[in-house]
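Chemist: kindly return the folded structure for what I paste below:
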Amino acid sequence: MAPRKILDPSKLGQAFRTLSTLNSTAKPATQNAMPECSFLPPAYKGPDYDKITDIRKKNLTPNIVSYYKKPLLIHSGHMQWLFDHDGKRYLDMFGGIVTVSVGHCHPKVNKALEEQVKTLWHTTNIYMHPKIHEYAQRLTDKLPGDLKQVYFVNSGSEANDLAMLMARLHTGNYEILTFKNCYHGMSPYTMGLTAHSTWRFPLPGVSNGIHHVMNPDPYLGIWGGSACRDSPCQTDRKCECNSESGCSAASEYYKQLEQVFKFSLPRGKVAAMFAESIQGVGGTVQFPKSYIKKAAELVRANGGVFIADEVQSGFGRTGEHFWGFEGHGIVPDIVTMAKGIGNGFPLAAVVTTPKIAECLGQALHFNTYGGNPLASSVGLAVLDVIKEEKLQQNSLEVGTYFLKALEDLKQKYDIIGDVRGKGLMIGIEFVSDRVTKTPLSVPHVLEIWESCKDLGVLFGRGGISGNVMRIKPPMCVSFEDVDFALTILETVLSDYHIKKQRSWNRNIRK
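Modeler: Next comes the predicted model:
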């Protein structure tokens, strides 16, 4: 792919630093870096900002935490753009936490929902309605092998919750394996799967039968090198891999997994192993090549099923494949999916084989809203848009370009310790020391993150230390959008570097 010219942040001027000019109606000549958008948001008619803030404090539970020092009051969305209550425009590079897959308020998805609203809202599955059947066939047609039966739910937590139940019922085993640094949900059941202390409450029984195994992280883990990841970007570590023995890091991490089977599992038996194809909340962590395939084989050899969590990595986001697990060369026994499946509409699913699905016949099991006519209509439209607008291909091309450009930024700014990902699932790990990989402290990360927002670009954050910038935009983003995001990021990093240098100089003079 031919290199594209990135705008020079030094030419943007002080006016470029004022967010008030980055809106849908006013754009001075110095603001040409922000791509054009012909959409005009409707006028905001809700409660004023202070009233909203007061309601949030008094009437919403305190665990609902807002991004940014002064939280945004988002009023309208269009494709890759978000607009606040004042009409200011932002480039959304986080997609509602990797949830908006084809674009905010995509016209075709909106139309499908509107038409269904006029026809039938809800019946539950005690009656048949056409949309759930049309969608079930279309969705399972996208999956390989015998993954042909689907159960619809409303969220990723519900999907993983059900997958746990199915795995234990089907196998007759109880123990479940997940990786340290993983995120699989926050229901009381799935909280045990999640291995992030920040997402866990001190409740008894949450982790019963669940084992968190060593995370095979080529950047921060014990083993890893410069050829271990399935990514355009690799770590700076020396690599021990060779064509004959394959990935050395994968082999070493696999030995650690074998130790869990040997010492921690009753008779070595297991019900299931869960794995995100690329860890999302954990900071876009990728596993060494061939590790997941070996792990799945080990799990099955010991009576278990392998469960692929595609909540964030599915539906074409990784570019090369429609499903993230395809990049690992496996066909899972169970696949869970949510977020991008409905472009923000409450929709999720568990897909498995007919043989495994039989276990749910042991008792009644019911989800009131799962597969309702509205959600099924939205799901069908999302599949149509991904195909018609070639968004998987766009994820590959635009995402690869983005990753390569971020790798160039890494060479210029030593606070970037690692750039990783595939397609439009990207992470940037900020460090205070590249050699020790010490995470950049949260106040400094927040300074960078807030400054990007002030200049019109919304990124996410993640990682156990909160030092990873998560980039997972709607898959409709363009090269021009990426150029703008890169310009903003380089402007902010340049300013940060200058401030740090001045601080050092002052300390030396003292």
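
Chemist: what sits up against whichever strand or helix holds residue 378?
Modeler: Counting by DSSP states H and E, the element that carries residue 378 is helix 373-388. With contacts defined as C-beta atoms under 8 Å, 6 or more residues apart in numbering, helix 373-388 is touched by 101-103, 106, 108-109, 111-113, 115-117, 119-123, 129, 131-132, 134-135, 138-139, 142, 152, 154, 315-316, 340-343, 345-347, 369, 391-392, 475. Any C-beta I mention is one placed from the backbone N, CA and C, and that applies to glycine too.

Chemist: just checking, what packs against the helix or strand that it is followed by?
Modeler: Note on helix 373-388: by DSSP H and E, the next helix or strand toward the C-terminus is helix 391-412. On a contact count with 3 or more C-beta pairs under 8 Å, 6 or more residues apart in numbering; DSSP states H and E, helix 391-412 meets strand 416-422, strand 425-433, helix 479-509.

Chemist: who touches the first one?
Modeler: Same thing as strand 416-422. By C-beta under 8 Å, 6+ apart, the list of residues contacting strand 416-422 from outside reads 219, 229-233, 235-236, 278, 284-286, 318-320, 327, 399, 403, 406-407, 409-410, 426-431, 434, 437, 471, 493.

Chemist: I'd like the distance from the lowest-mean-pLDDT helix or strand in the chain to the chain centre, please.
Modeler: One helix or strand of the chain scores below all others by mean pLDDT, DSSP states H and E: helix 479-509, with a mean of 89. The chain centre lies 26 Å from the centre of helix 479-509; the measure is C-alpha atoms, centre = their mean, to the nearest Å.

Chemist: now that helix against strand 425-433, angle please.
Modeler: 10 degrees (axes from the mean of the first three to the mean of the last three C-alpha atoms, to 10 degrees).

Chemist: tell me the angle of helix 479-509 relative to helix 391-412?
Modeler: Using the same axes, to 10 degrees, helix 479-509 lies at 20 degrees relative to helix 391-412.

Chemist: just the pLDDT for residue 366.
Modeler: pLDDT recorded at residue 366 is 89.

Chemist: how about residue 187, secondary structure?
Modeler: Secondary structure for residue 187, judged by DSSP: H, G, I helix; E, B strand; the rest coil, is coil.

Chemist: just the buried residues from the contacts of helix 373-388, in ChimeraX please.
Modeler: Restricted to buried positions by 16 or more other C-beta atoms under 10 Å, the ChimeraX selection for the contacts of helix 373-388 reads:
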select :101,102,103,106,109,112,113,116,129,131,132,135,139,142,152,154,315,316,340,341,342,343,345,346,347,369,391,392,475
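
Chemist: how about stretch 401-418 as PDB, C-alpha atoms only?
Modeler: Output of stretch 401-418 as PDB, limited to C-alpha atoms (Å, rounded to 0.1, in the frame of the first residue of the first chain):
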ATOM      1  CA  TYR A 401      -2.400   1.700   7.200                       C
ATOM      2  CA  PHE A 402      -3.200   3.000  10.600                       C
ATOM      3  CA  LEU A 403      -1.000   0.400  12.400                       C
ATOM      4  CA  LYS A 404       2.000   1.200  10.100                       C
ATOM      5  CA  ALA A 405       1.600   4.900  10.700                       C
ATOM      6  CA  LEU A 406       1.500   4.400  14.400                       C
ATOM      7  CA  GLU A 407       4.600   2.300  14.200                       C
ATOM      8  CA  ASP A 408       6.300   5.300  12.600                       C
ATOM      9  CA  LEU A 409       5.100   7.400  15.500                       C
ATOM     10  CA  LYS A 410       6.600   4.900  17.900                       C
ATOM     11  CA  GLN A 411      10.000   5.500  16.400                       C
ATOM     12  CA  LYS A 412       9.600   9.300  17.200                       C
ATOM     13  CA  TYR A 413       8.200   9.100  20.700                       C
ATOM     14  CA  ASP A 414       9.800   6.900  23.300                       C
ATOM     15  CA  ILE A 415       6.700   6.900  25.500                       C
ATOM     16  CA  ILE A 416       5.100   4.500  22.900                       C
ATOM     17  CA  GLY A 417       6.300   1.100  24.100                       C
ATOM     18  CA  ASP A 418       4.200  -1.000  21.800                       C
END
